[in-house]
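> Could you look at this predicted model? Sequence included:
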Amino acid sequence: MTTHTPCSDTALATDALPGQAAQVLRALALDEDLKWRIPDDPVLGPLARKVARRYVAGETLPDALDRVRQVRAAGHRVNVEYMGESCRDARRASEETDVFLAAARLLPPDCSISLDLSHIGLAVDAELALANATRIARACAGTGRELMISAEGSDRTDAVLELHRRLCERFDHVGVTVQARLYRTVDDLPELLGRPGRIRLVKGAFLEPESVAHRRESPALATAYLAYARQLADSGHPCSFATHDRDLVDRIDHHLGGTGREHAPWEFETLLGLGPNVLAAMAERGHPTREYVVFGTEWWLYVCNRLAEDPRRVLQALVDAAG
C-alpha cells in the first residue's frame, strides 16, 4: 500500500494548481456578462485595465494605429483585430461592422484585419454575418489587404467554416484560423488547403471538452501542431504559424531549412505583449513575421484567455495591477 506524507500531498496539490487556475480562467472567459461588468466596475475596472495594457493596444482605433506604427518600425507585419465576440444584437453587429470598415480605410495596406464572425452577426443569424463580412471583405480588397477570420469555440466551428467557404466563392483574400487542439482539424485542413486565403494555425485557447480537443498541456497538442505546420509549409499555401512556443517555432524553422525569404508564403506570428523575442529571432533568420494587435472595449474575455495559456502570467498580472 502506498502512503503519502503531508508534504507529498501538499506538493501534489501544488502541482495541480496551474492546470486548475487555467481552467478557471477559461471558464471566466466564457462568461459574457463579465465582459461588461469588470471594465465598468469602479474598483476592479482600473486594476483590470492595468493588466490588459500588456496584451491590448487600447480601446480605440487610434490606439491601435499608434501600436501599428511601432510594430512596423520594428520590421514586422501587423494583424489588427477589433475585439467583440458573441454580439447578440443585430443592429449593434452592423454598427460594429462600421469600425472594421474604418480600419480598412485607415490602416496601412500591408496590415491585415481579423474578426470574429460572432462579432458581426453570427450569434444572431448566419446571413447577417455573411452580409457584414462581405462588406468588410470588399473594403479590404479595395485597400489591398487580407481579411482573416478568427477561431471561435468548437460549437461554432461548423458555422465559421461554412461562412468562410461562402466568402471564398467571391473573394480570394479571406483567410481563416484553425486550431491544432481540435481533433477535427485533421479533416478540416485538407479542405481548407483547396480554398484561397491564408490559413492561420493556432493551438487554441478555448475551454473545450477532451472529447473534441487535446488538453492544452498534452504532448499530443505539440505533436499535432507540428504536423499541421509541416503540412502547411510543404503545401506552399499562404499560412501563419501563430505560436509563442519557442520549441515549436525552432522545429518549424528547422523544417523550413533554417532560413526564410522575403516573399515566402509562410510567416511567424505572435500576439501583442507576448513573444517579441520569438519574432525578432525569426526576422533575423529572414522569415516574414507578424504581430497580432487587438483593440476595443471588450478586452476582459481576451485577457482571461491570455492568462489561461500560461498561469505564470497571473503573477505578472498581479505585478501589472499593482504597478
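On my side now, so go ahead. Numbers count the residues shown, from 1 in each chain.

> and the strand or helix carrying residue 226, how far out from the chain's middle?
Mapping residue 226 onto the secondary structure by DSSP states H and E places it in helix 219-235. Taking Cα atoms, centre = their mean, to the nearest Å, the mean C-alpha location of helix 219-235 is offset from the chain mean by 17 Å.

> Next: stretch 124-133.
21 Å.

> Buried residues in it, which are they?
124, 126, 128-130, 132-133 (16 or more other Cβ atoms under 10 Å). Every residue, glycine included, has its C-beta placed from N, CA and C.

> what comes into contact with the helix holding residue 226?
Residues outside helix 219-235 that contact it (Cβ atoms under 8 Å, 6 or more residues apart in numbering): 178, 180-181, 185-186, 189, 193, 199, 201, 203, 214-215, 239, 241, 243, 245, 247-248, 251-252, 255-256, 266.

> Adding secondary structure, write the buried residues of stretch 124-133 out as TSV.
Formatted as TSV, these follow (DSSP: H, G, I helix; E, B strand; the rest coil):
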residue	secondary structure
124	coil
126	helix
128	helix
129	helix
130	helix
132	helix
133	helix
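
> Run a quick neighbour tally on residue 102.
Residue 102 has 13 neighbours, counted by other Cβ atoms under 10 Å.

> quick check: domain ranges of this structure?
Per automatic domain parsing, the domain ranges recorded for the chain read 18-55+299-323, 59-296.

> for the shortest one, what is the average pLDDT?
For domain 18-55+299-323, the per-residue pLDDT values average out at 79.

> Can you give the distance from that domain to the centre of its chain?
Distance, centroid of domain 18-55+299-323 to centroid of chain: 16 Å (Cα atoms, centre = their mean).

> now the longest one
Here domain 59-296 is found 6 Å from its chain centre; the criterion is Cα atoms, centre = their mean.

> okay, the closest residue to residue 166 other than its chain neighbours: pLDDT?
The shortest distance from residue 166 to any non-neighbouring residue, by Cβ to Cβ, 6 or more residues apart in numbering, is to residue 130 (6.1 Å). Per-residue confidence (pLDDT) for residue 130: 98.
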